[in-house]
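Visitor: below: sequence and its predicted model.
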Amino acid sequence: MKAMQIPSYDVADYSVLLKESPDVLSAHPCVVRGFVEQWSAARSWLEIDQLKALFGTLPVTAGAPQFTTHRDQRMCQVQTSYGTYLDYVQQPERIAELFPEPWRKGSLEELRHMQLPLYCGNLRLVRHAAEPVLEQIQPLVPGNMECLNDQIPYYYQSGNHVWLYVSRAGALTPLHQDNNAVIAYLAQLRGRKRAVLYAPSDKAYFHTPGVGYMDPLAPDEQQFPQWHLAQPWVATLEPGELLIWGANWAHHVVTEEDSITVSFDIVNATNLDAYARSFDWQHELGHFAKKNATMIRTRSDDSRLHAALDAGLEAPIGRAFMQATLRAAHQANPDHAGAAVREQLRRTLEEA
Ligand SMILES: O=C(O)CCC(=O)C(=O)O
């Protein structure tokens with residue numbers, strides 16, 4: 001199918017569009033101009049040496065491609081610090097010295113064969129709504145969008161929702177859908193990226209169970225026999241532009257010019273129920289609760305939570321922990337500003 005160009009709006013026009021059509025991101029992604037410049041990060045995260053000084057000691061992995069979403073895709077991966085990864089971005093010729101073998105996956109020889117740069121996409125900057133790093137990207141959402149993130153208990157603890165991507169030209173993020181049915185954006189601070197997106201309603205065409213996601217740049221006719229029925233939406237993202245898409249939109253991103261990009265995940269009224277039903281946060285929250293089971297058992301007498309902890313499965317523990325938290329919050333403060341959101345979350349979880 002002929003690719004559709006993603007429409008681009010000035011932030012004021014995007015705001016008007018959202019007022020008229022709050023669910024516009026379900027219909028198509030948007031490029032928004034004139035927003036990113038407001039951020040402190042548009043100045044303080046613009047140089048790699050600044051990022052090294054701020055985040056260089058944090059542990060990360062870097063892979064080529066960033067991760068895999070197709071059963072036959074090979075991968076190389078190293079475990080390192082963010083500072084060492086940034087050294088590699090600045091001086092790729094030092095790769096053998098910076099990442100001595102054995103690697104976590106693959107080898108330098110295999111990487112050279114793949115002709116892809118290593119790409120780190122798992123720097124974890126935020127684990128709490130009050131994290132100072134969030135000050136750097138205020139306002140968090142363009143065009144006065146509704147954002148309920150802070151009203152969802154454990155939102156930033158039970159999944160990564162703030163991403164800082166530094167990538168070399170050629171870096172690849174294969175086609176995938178984000179965890180937790182979030183609305184998400186890529187805000188380009190430096191360099192250029194090319195994105196291809198597909199609506200969730202086209203999933204049968206771009207995804208085959210047991211095989212994975214297709215490569216939009218080289219679709220395999222045998223594995224994705226109806227690939228041509230999928231409608232691609234495309235954009236080239238330049239510095240200062242922000243690309244935003246709705247829940248479950250699949251996306252494939254190639255770094256065309258060395259880049260620095262911020263990505264942020266959003267939950268609002270349009271995807272709150274889908275978020276509540278998602279497995280990924282339930283699993284991560286359950287993992288946390290399981291590790292802290294003794295403390296949680298003493299603090300809560302919720303019998304369903306105790307039963308889930310006894311059974312020991314992460315996702316049901318995460319669900320039960322969230323439900324117990326929501327019930328306790330409602331009893332303690334039914335008039336809280338986030339009470340309606342919490343009540344909706346609780347109801348959706350009960351029904352699931
Ligand atoms: O910028 C990229 O390479 C892709 C990022 C991405 O896919 C995401 O944040 O979900």
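Guide: Cool, the structure landed. It should be emphasised that the depicted structure is a prediction, and the values quoted were computed from it without experimental measurement.

Visitor: quick one: contacts for residue 174?
Guide: With contact set as C-beta atoms under 8 Å, 6 or more residues apart in numbering, residue 174 has these partners: 65, 66, 67, 68, 69, 70, 73, 213, 215, 252. All C-beta atoms are positioned from the backbone trio N, CA, C, and that covers glycine.

Visitor: can you count the residues close to the last one?
Guide: When you say that, I think you mean residue 252. If you count neighbours by other C-beta atoms under 10 Å, residue 252 ends up with 23.

Visitor: still on that earlier bit, of the contacts of residue 174, list those near the ligand.
Guide: The subset of the contacts of residue 174 within reach of the ligand, counting by C-beta under 6 Å from any ligand atom, is empty.

Visitor: of the residues you listed, grab the buried ones for ChimeraX.
Guide: Buried residues among the contacts of residue 174 (16 or more other C-beta atoms under 10 Å), as a ChimeraX selection:
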select :65,66,67,68,69,70,213,215,252
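
Visitor: just the ones in strands from the contacts of residue 174, please.
Guide: Mapping the contacts of residue 174 onto strands (DSSP state E) picks out 213, 252.

Visitor: which one of the contacts of residue 174 is nearest the ligand?
Guide: residue 66 (6.3 Å; C-beta to the nearest ligand atom).

Visitor: the lengthiest helix in the chain: which residues count as buried?
Guide: Assignment by DSSP state H gives helix 314-332 as the longest helix of the chain. The neighbour-count criterion (16+ other C-beta under 10 Å) identifies 314-327, 329 as the buried residues of helix 314-332.

Visitor: can you tell me the helix or strand for residue 95?
Guide: Assigned by DSSP states H and E, residue 95 belongs to helix 95-98.

Visitor: near the ligand, which residues of the protein? Just list them.
Guide: Checking the chain against the ligand by C-beta under 6 Å from any ligand atom, the hits are 163, 165, 173, 178, 184, 186, 193, 251, 253, 261, 263.

Visitor: neighbours around the fifth one, how many?
Guide: A total of 21 residues lie near residue 184 under the criterion other C-beta under 10 Å.

Visitor: residues in contact with it?
Guide: For residue 184, the contact set (C-beta under 8 Å, 6+ apart) comprises 178, 244, 245, 263, 264, 265, 266.

Visitor: rerun at 6 Å
Guide: 178, 265 (C-beta atoms under 6 Å, 6 or more residues apart in numbering).

Visitor: tell me how far residue 123 lies from the ligand.
Guide: In this view, residue 123 and the ligand are 12 Å apart by C-beta to the nearest ligand atom, to the nearest Å.

Visitor: so what's that residue up against?
Guide: Taking C-beta under 6 Å, 6+ apart as the test, what residue 123 contacts is 58, 60, 82, 164.

Visitor: who's residue 162 bridged to?
Guide: Note on residue 162: beta-bridge partners by DSSP bridges are residue 264.

Visitor: confidence score at it?
Guide: Model confidence at residue 162, given as pLDDT, is 98.

Visitor: same deal with residue 337?
Guide: Reading off the model, residue 337 has pLDDT 78.

Visitor: what is the three-state secondary structure of it?
Guide: The three-state label for residue 337, taken from DSSP: H, G, I helix; E, B strand; the rest coil, comes out as coil.

Visitor: turn the buried ones among the contacts of residue 123 into a named PyMOL selection, would you?
Guide: Restricted to buried positions by 16+ other C-beta under 10 Å, the PyMOL selection for the contacts of residue 123 reads:
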select buried, resi 60+82+164
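
Visitor: secondary structure added to the contacts of residue 123, as JSON lines?
Guide: Shown next, in JSON lines, are those (three-state DSSP):
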{"residue": "58", "secondary structure": "coil"}
{"residue": "60", "secondary structure": "strand"}
{"residue": "82", "secondary structure": "helix"}
{"residue": "164", "secondary structure": "strand"}
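
Visitor: and the contacts of residue 123, which is closest to the ligand?
Guide: residue 164 (10.3 Å).

Visitor: now for residue 84, how many residues are close by?
Guide: 17.

Visitor: is it true that it lies in a helix?
Guide: Yes: under three-state DSSP, residue 84 sits within a helix.

Visitor: residue contacts, it?
Guide: Contacts of residue 84 (C-beta under 6 Å, 6+ apart): residue 98.

Visitor: quick one: neighbours of residue 55, just the number.
Guide: 20.

Visitor: my guess is it meets residue 85, correct?
Guide: No: with contact defined as C-beta atoms under 6 Å, residue 55 does not reach residue 85; the gap is 10.1 Å.

Visitor: for the stretch 151-300 of the chain, what spans make up the strands?
Guide: Listed in chain order, the strands of the stretch 151-300 of the chain (DSSP state E, counting those that start in this stretch) span 162-167, 172-176, 183-198, 207-208, 212-213, 233-237, 241-245, 250-266.

Visitor: which one of these lies nearest to residue 138?
Guide: Nearest to residue 138 among these is strand 250-266 (11.2 Å), distances taken as C-beta to C-beta.

Visitor: and the closest one, what does it pack onto?
Guide: Applying 3 or more C-beta pairs under 6 Å, 6 or more residues apart in numbering; DSSP states H and E, one finds that strand 250-266 contacts strand 162-167, strand 172-176, strand 183-198.

Visitor: tell me what angle that strand forms with strand 162-167.
Guide: Interaxial angle, strand 250-266 versus strand 162-167 (axes from the mean of the first three to the mean of the last three C-alpha atoms, to 10 degrees): 140 degrees.

Visitor: now strand 250-266 against strand 241-245, angle please.
Guide: Using the same axes, to 10 degrees: strand 250-266 against strand 241-245 is 100 degrees.
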